[in-house]
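# Structure, please.
(chains A and B)
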Amino acid sequence: MNEATVNGQQRALTGIGAHTTALDWLRSCGLTGAKEGCAEGECGACAVLVAQPAESGRSAESGQSVASGQSDGADGADQTQWASVNSCLIPAAALNGQEVVTSEGLGSPADLHPVQSQMAANGSSQCGYCTPGFACSMAAEFYRCGRAGEAADVDGERSTDGAVTDDGGKPADGAVPADGTVPDDEHGPNGFDLHALSGNLCRCTGYRPIRDAAFALGAPQDDDPLAARRRKPAPGPVATDITGDDGRFVRPATLGETLDLMAGNPDATVVAGATDFGVEVNQRGRRDPLLIAVDRIDELRTFEATDSHVEIGAALSLSEVERKLDGRLPLLEGMFPQFASRLIRNRATIGGNLGTGSPIGDAPPALLALGARIVLVSPAGEREVDLDGYFTGYRQTVRRDDELIKSVRIPLPVAPLTAFHKIAKRRFDDISSVAIAIAGEVADGVITRARIGIGGAAATPLRAHDTERALLGNPWNEATINEAAAVLGAEGTPMDDHRASAAYRQSMLAQALKKFHAENDETLEVSA
Amino acid sequence: MSRLAERPANPSVGKPDPHESAAGHVTGHALYTDDISTARTDALTAWPVQAPHAHARVTAIRTEAATAVPGVVRVLTAADVPGVNDAGEGGDEPLFPAEVMYYGHPVCWVLGETPEAARIGSNAVEVDYEELDSLITVADAVAAGSYQGNHRVSRRGDPESALDEAAHVFSGEIETHAQEHFYLETHAALAYVDESDQLYVQSSTQNPSEAQVIVAQVLGLSSHEVTVQSLRMGGGFGGKETQPHGLAAVAALGTTLTGRPVRLRLNRNQDITITGKRPGFRMSWKAGFDDAGKLVGLKATMTPDGGWSLDLMEPVLSRALCHIDNAYWIPNIEVDGRTVKTHKTSHTAFRGFGGPQGIFLIEDVFGSSAPALGIDPAELRRRNFYQPGHTTPYGQPVRDCERMPAIWSQLRQESDFAARSAEVESFNAAHPHTKRALAITPLKFGISFNQTSMNQAGALVLVYKDGSVLINHGGTEMGQGLHTKMLQVAATALGLPRTAVRLAPTRTDKVPNTSATSASTGADLNGGAVKNACDQIRDRMADVAAGMLGVEPADVDFSGGMVSASGASGSGASRSGASSASSASNRELTFADVAHEANAKRVQLHAAGYYRTEGLQWDPETWTGTPFKYFAYGAAAAEVEVDGFTGAYRTRRVDIVQDAGDSLSPMIDVGQIEGAFVQGAGWLTLEDMRWDTSDGPTRGRLLTQSASTYKLPSFSEMPSELNVTLFDEAREDGAIYGSKAVGEPPLMLAFSVREALRQAVAAFGPAGRKAELAHPATPEAVFWALEAARDAARQPATDTTTPNPTLTGG
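Reported below is the predicted structural model:
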């Protein structure tokens, strides 16, 4: 039987089709805490927690793959993390065998969860409609391993780096978060990362009381069941085949089954995090005959870092990639916080971001600047293609219908000077008007390496080859930069739309190079 | 002090209580309309068929293919309407239109067993259209002479001569864009016929009484046959003042025709494309200053875009004209206002209700003129404040206007304004690519509905013989904390702890003929009514208690749930004369004891409360009178930092001092101030509503119809530091327990952000240049403005008083 564990209770996944969202299914169960605010993963009113596999170590040793083929499906992890996700984008069928916690499962009015009591006491709710979603996003960060003030780590041992809490559950003064962050505008003294709430919109409060609640959180109590749950493995994937009036949802058990199913159904839709597909379902009524879920296939979830390259499994979520890279690639490190929201990054995969072929995805420009290559797999075997040339037209790529993106391979070493500039109206959770990624090297005052990827400037993500030529071999000075900036401004064919004018997009391409120069030229000081 | 404003000892009002539903909010247990609907598994779902033209005649509707879709039960069309086919009280909003008036206008509605069936059914309805010419922009409408509603002129003195004689004259033209309410809960209704054969509608509405009127009108029923409840809303902001009622009527019509409950919830795309917004305004002005920087004359025009129907545009325009003065004395003024009719959604109320656009104009005058006058903008603003004895352009004395300079200097001190201004200057000198600015702006906002007849309210208070209290009032809860305040008011009036009072949902069968909960008046009006009801009951209970205690009724004190002789050790005891120390007067009774005794003695323990605001008078023909009970004052200081490469910016710090009277509920009020401020900053800087103005096939289509394309402030737009102070010693004698309204005024504190951006942009260019900034001041708009400033720095000979045509909006 298809079922999911919701708030500790088994519930049959009945009455659902292939496209029924997790949100609609939860609400049909009477759990109406999660709400539909936008139906496209922008507002977070639908946020819930799901149990996901946690990395067992902070980072893999060089050369050692942390992936494994364990059939228990724990993805190589023996521990669990509570991840906040947009339930409006996830197919209900994808919850088969999984564990979900909603705002109702965190606490009740008579017995509030610590997150809920801080929010209630701080005036974090006004109309209250976005509040259950905020509570879930905040709870995920409350339980994040390594957060300062998150006292006991997953192994049950006390942190040894000073991140201890006082008896009141508040972080001790001067506590240094285990993850190395220091308190600033976006991080509380308890290590709370405000980016955890970047996918939740509130129209009433102006956010200050929500931030105060978040920054006042202490550590989970020893008897906190959700904290304890982290010490056991996350539920593994469960092979699923559900057919409704609206189509069929299949989660194959193996990569082989997946490739066979794809080969036999050229019109099948491959779905990983469904953060793009779910928007199509909700906003444009898209209903496809066959959905194939690939987000939990072990072979697509590998991660390998050697001296010569980093290889990232296509089905790893962006949050997982961020944790596994652990700052190894500063260009991507700069991109992650600007990539949608934490809610989206907990589901969206790197393969999905390439697979949609969107010209405004954030990962392609960054990966282009890093010289990434794509590993494609089909029943005929694997092949590797350069990302530069992968995109052939608007949402068109060289990938054949029977091929799956297996991984992304980034050659090392990466050029020492890198930058990721995303131009958007809003700093958190926005879609770029243009995005520019730059990787370069200057030796003895001369530009020796330059690779630039741009998004939002044409029907596909682009490598700015002409600009790179204008830079290479020339002196690192304003004259070179101004000349190259003029070239960069003319790369692509940006358009006018509701996000930005074509003229602004062109200017921003040119300005990005000037800003890159100013930020890396010690004679000038530039703030963010 | 008036009895209305007087607070007893140890009152519940004034305590920083959390929202009464906070525990329900955080756990998801608090229900909203569509949460109730999901429990009605027998309910049909209503789904609109939206027209793909901005203006067209509907020549045929064929429903056969739709009703053939499995699960589709019925298609509702104009032919089904037994009453009046109109969604408004003005007769210009056909519910099932024969003429499509905007892109996305619903022409009919499909009822399905499931949302999926209704959606598929709506796609199967075949509608034939005859396309007609459309007017999308204000310029289109002005050119075509397409106006609606009254043409109003506010005039005082001789502005023509004043401008002729002024030492310095500047002019400007600017267009503010529309703003989407984006309440997180989209419009929703659930209708069914209840067990007593009463038509019952749960609607997410700020105005249940108007929902009742419209439902009755469409169905050809009397009001007493329809009950509307508004349990709570997931945000309203004015967007649920008139807009929900046609939707409630569709659900009600569906239920009467099918005998099944009908559930209607707009999804976000439908909500944005169907319902009205804060209207955009096209504005032009000419302002004259003397050498001291005193504003001597102003002529202005305001042309709001009303969209396809008049809706609330007449009162919106009234409020705009009544707020063009903001906190400033303008001796000679003429403002001409007239609303255009376009083929867009029906623009409507939105927090501030025209006030923000009026204040926008005058702040644009000061902000853009200050550099050219060579006067610091903060100083220029201060010099023009109202002085005691001044009246507004519409002739109302500016009572308490001395609060404005008091707030101003308190804010300057609390925000460390002078020192930080100096820091900003030295920062800017050291940073060629980044500029900061610190700006301060004032606020005066009139409280009361401009339309005098709306300033009334009712309440129903029930005391049970066990001493428990249930209150009901005509105001609706949309997150603003009105119910919390009403509980505090009732607890204060009856001398009870707040927990002893419970509040029942807002329903038209409890309190009839209510005004919309809007214009910031919810607490003033309903608080007055709740207190009135409680006072009646308490006076009767005091008689009973007097007998029990052996004292005069006037000496009975209700406090903390106890009833006793007042000052049992003081004056109360002495007045009870020489009776023995063991007399009944030293006894303390519980509130429940007295309630029980009152019931036994056949004394009425419930009361209908009523309140109307006294002293209001308004003549719209002469544009004079006293439309407002009082003014709310405030000021904000905002510091921003602008990136010269991109135009991106951050708000580094905001300080606010706001006059909320003696606050009824300080945590609620601070929340309203902060939330309004951020919402105002969204309107002024970020939120960018765009329609297709091309001549292509989707002309008139809203381009920003989702959360991914219409960006409201997120955590990243929150000021890094936000300090809010409630102005002290601020009792308002004419309002409930000395408080003042707080829902709308602080939205207009956000002009401090816009003015700071303007100053930061100017810092990229030469001094003395007239400083222009488009609306909304998105990073792109800021970038073009600072590029213009940088260009001016390269060519120092530009005419400083000519607006840059690329910056005047459009």
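
# Can you report how many residues lie near residue 388?
Going with chain A. Neighbour count for A:D388, taken as other CB atoms under 10 Å in any protein chain shown: 17. C-beta: built from backbone N, CA, C; applies to glycine.

# hm, I was asking about chain B
Around B:P388 there are 10 residues (other CB under 10 Å).

# Please, which helix or strand holds it?
Counting by DSSP states H and E, no helix or strand carries B:P388.

# pLDDT at residue 362, what is it?
Since no chain was named, I'll use chain A. In this model, A:D362 is scored at 92, pLDDT.

# hmm, I had chain B in mind actually
So, for B:I362, pLDDT stands at 98.

# who's in contact with it?
B:L298, B:I324, B:D325, B:N326, B:Y328, B:I330 (CB atoms under 8 Å, 6 or more residues apart in numbering or on different chains).

# how does the chain divide up, domain by domain?
No chain was given, so I picked chain A. A:3-58+A:73-154+A:184-229, A:240-293, A:298-411, A:417-527 (automatic domain parsing).

# My question was about chain B, not that one.
B:22-28+B:456-612, B:39-134+B:181-274, B:410-450+B:621-787.

# for the domains of chain A, which one sits closest to chain B?
domain A:3-58+A:73-154+A:184-229 (1.9 Å; CB to the nearest CB).

# Centre of the chain to that closest one, how far?
16 Å (CA atoms, centre = their mean, to the nearest Å).

# cool, and stretch B:158-165?
Using CA atoms, centre = their mean, the offset of stretch B:158-165 from its chain centre is 36 Å.

# go on, stretch A:39-59?
9 Å.

# What are the buried residues along that stretch?
For stretch A:39-59, the neighbour count (16 or more other CB atoms under 10 Å in any protein chain shown) marks A:39-55 as buried.

# For the contacts of B:I362, give me CSV that also has neighbour count.
CSV is the format used below for the contacts of B:I362 (neighbours: other CB atoms under 10 Å in any protein chain shown):
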residue, neighbour count
B:L298, 26
B:I324, 28
B:D325, 27
B:N326, 27
B:Y328, 24
B:I330, 26
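
# of those, list those near chain A.
When CB under 8 Å from any CB of the partner chain is applied, no member of the contacts of B:I362 is adjacent to chain A.

# Report the two of those residues separated the most.
Farthest pair in the contacts of B:I362 (CB to CB) is B:L298 and B:N326. Separation: 11.6 Å.

# Now, the contacts of B:I362 that are in strands?
B:L298 (DSSP state E).

# how would you label B:Y192: helix, strand or coil?
Using DSSP: H, G, I helix; E, B strand; the rest coil, the structure places B:Y192 in strand.

# Does it touch B:V262 like I think?
Yes: B:Y192 lies in contact with B:V262 (CB atoms under 8 Å); the separation is 7.4 Å.

# what residues does the stretch 501-650 of chain B put near chain A?
B:E641, B:D643, B:F645, B:T646, B:A648, B:R650.

# Of those, which pair is most distant in space?
Farthest pair in those, by CB to CB: B:F645 and B:R650, 14.0 Å.

# Give me the more crowded residue out of those two.
When neighbours are counted by other CB under 10 Å, B:F645 comes out ahead of the other of B:F645 and B:R650, with 24 against 19.

# Give me the pLDDT for the more buried one.
97.

# show me the contacts for it.
Contacts of B:F645 (CB under 8 Å, 6+ apart): A:Q511, A:A512, A:K514, A:K515, A:A518, A:V526, B:H433.

# Same list, these, but as a markdown table with secondary structure and pLDDT please.
Shown next, in a markdown table, are these (DSSP: H, G, I helix; E, B strand; the rest coil; pLDDT from 0 to 100):
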| residue | secondary structure | pLDDT |
| --- | --- | --- |
| A:Q511 | helix | 96 |
| A:A512 | helix | 96 |
| A:K514 | helix | 96 |
| A:K515 | helix | 96 |
| A:A518 | helix | 92 |
| A:V526 | coil | 37 |
| B:H433 | coil | 96 |
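
# Give me the pLDDT value at B:S585.
65.

# Counting neighbours, what do you get for the residue nearest to A:W476 when sequence neighbours are not counted?
Take A:W476 and drop its neighbours on the chain: the residue closest to it by CB to CB, 6 or more residues apart in numbering or on different chains is A:V442, 4.5 Å away. Applying other CB under 10 Å, we find 18 other residues in the vicinity of A:V442.

# just checking, next helix/strand downstream of the host helix or strand of A:V442?
Assigning secondary structure by DSSP H and E places A:V442 in strand A:434-443. Next helix or strand after strand A:434-443 toward the C-terminus (DSSP H and E): strand A:446-455.

# Pull up the gap between B:G671 and chain A, please.
To chain A, B:G671 is 5 Å away according to CB to the nearest CB, to the nearest Å.

# Need the per-residue pLDDT for that residue.
As predicted, B:G671 sits at a pLDDT of 98.

# now the helices for the stretch 351-500 of chain A?
With DSSP state H, counting those that start in this stretch as the criterion, the stretch 351-500 of chain A has helices at A:363-369, A:465-471, A:478-490.

# Name the stretch among these that sits most buried.
helix A:363-369 (a mean of 29; mean count of other CB atoms under 10 Å in any protein chain shown).

# quick one: is that helix near chain B?
No: interface with chain B: helix A:363-369 contributes nothing (CB under 8 Å from any CB), its closest point being 15.9 Å away.

# If you count contacts, what does that helix end up packed against?
The contact analysis (3 or more CB pairs under 8 Å, 6 or more residues apart in numbering or on different chains; DSSP states H and E) places helix A:363-369 against helix A:330-335, helix A:350-355, strand A:417-423, strand A:434-443, strand A:446-455.

# send the alpha carbons of that helix over as CSV?
Presented in CSV, the C-alpha positions along helix A:363-369 are these (Å, rounded to 0.1, in the frame of the first residue of the first chain):
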residue,chain,number,x,y,z
ALA,A,363,23.5,27.3,-12.2
PRO,A,364,24.3,27.4,-15.9
PRO,A,365,26.2,30.7,-16.0
ALA,A,366,28.2,29.6,-12.9
LEU,A,367,29.0,26.2,-14.4
LEU,A,368,29.9,27.7,-17.7
ALA,A,369,32.4,30.0,-16.0
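
# can you list the residues of the stretch 51-200 of chain A near chain B?
A:102-104, A:106-109, A:112, A:115-117, A:119-121, A:123-132, A:135, A:185, A:194, A:197-198, A:200.
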